[in-house]
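A.B. asks: Pasting a predicted model and its sequence here:
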Amino acid sequence: MLFQIALGSVLILTTIVAGSLSLYLVEIVLWRVHGWLLREPHWPKMFIMVMAASVWALGLMGACVWLWASAFMALSVFPTWELAVYFALETFTTLGFGDVLAPARWRILAGMAAANGLLNFGLMTAVLMEGVRDLRIRQSRSRSSRPGHRAGHEEV
């Protein structure tokens with residue numbers, strides 16, 4: 001039991017570090033294109049940003065699933081990669097079909113994978129929404145600061 005809790009904690013921390021580092025890289029990219037994002041037209045750029053952020057979040061989630069599947073394979077919890085990836089994906093997303101179950105001695109680790117997925121999906125959703133909100137505010141400010149702009153005629 002303690003081994004599962006320790007390993008699960010290491011895996012959870014690894015996914016948090018990976019998410020934080022990848023978010024840092026995303027912020028570097030966003031600062032490089034900051035001026036372009038603030039220039040009109042705004043809507044296509046918002047669309048591109050949401051799509052890129054969604055792809056980033058899905059890629060990060062996929063990497064996390066593969067990390068968990070690799071741990072399951074290293075521990076011989078499942079006989080094939082297909083089962084390990086399927087179980088990791090189903091558990092990480094907290095879908096819980098129940099058609100593939102972890103052996104009884106690995107249930108704590110499986111529960112930690114589910115908790116990790118729940119945490120990561122919540123964090124990625126929060127980051128995505130904060131990014132969209134921040135960009136909309138900055139675009140609105142850049143629009144209102146240009147010459148000839150009339151106050152009270154904001155586009156939504």
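C.D. replies: Received, thanks.

A.B. asks: tell me which residues in stretch 68-84 are buried?
C.D. replies: Buried residues in stretch 68-84, counted by 16 or more other CB atoms under 10 Å: 68-69, 71-73, 75, 77-78, 84. All C-beta spots, glycine's among them, are computed from the backbone N, C-alpha and C.

A.B. asks: Restricted to helices, list those residues.
C.D. replies: 68-69, 71-73, 84 (DSSP state H).

A.B. asks: just curious, which of those is nearest to Met124?
C.D. replies: Trp68 (16.0 Å; CB to CB).

A.B. asks: which residues does Gln139 contact?
C.D. replies: Gln139 is in contact with 37-38, 42, 45-46, counting by CB atoms under 8 Å, 6 or more residues apart in numbering.

A.B. asks: now, which of the buried residues of stretch 68-84 sits nearest Leu60?
C.D. replies: Among those, and counting by CB to CB, the member closest to Leu60 is Trp68, at 13.1 Å.

A.B. asks: Do you know the pLDDT at the closest one?
C.D. replies: At Trp68, the pLDDT value in this model is 97.

A.B. asks: likewise Ala114?
C.D. replies: Looking at Ala114, the pLDDT reads 93.

A.B. asks: Buried residues of whichever strand or helix holds it, list them for me.
C.D. replies: Taking DSSP states H and E as the criterion, Ala114 maps to helix 107-144. Of all the residues in helix 107-144, those buried under the rule 16+ other CB under 10 Å are 108-110, 112-114, 116-117, 120-121, 123-124, 127-128, 131, 135, 139, 142.

A.B. asks: Equivalent analysis for stretch 18-28, please.
C.D. replies: 19, 23, 26.

A.B. asks: Please look at the first one and Phe121 and confirm they touch.
C.D. replies: No. At 10.9 Å, Gly19 and Phe121 do not qualify as touching, with contact defined as CB atoms under 8 Å.

A.B. asks: Give me the common contacts of the two.
C.D. replies: Here Gly19 and Phe121 have no joint contacts, going by CB under 8 Å, 6+ apart.

A.B. asks: Please identify which of the ones in helices among the buried residues of stretch 68-84 is nearest to Ile12.
C.D. replies: Trp68 (9.8 Å).
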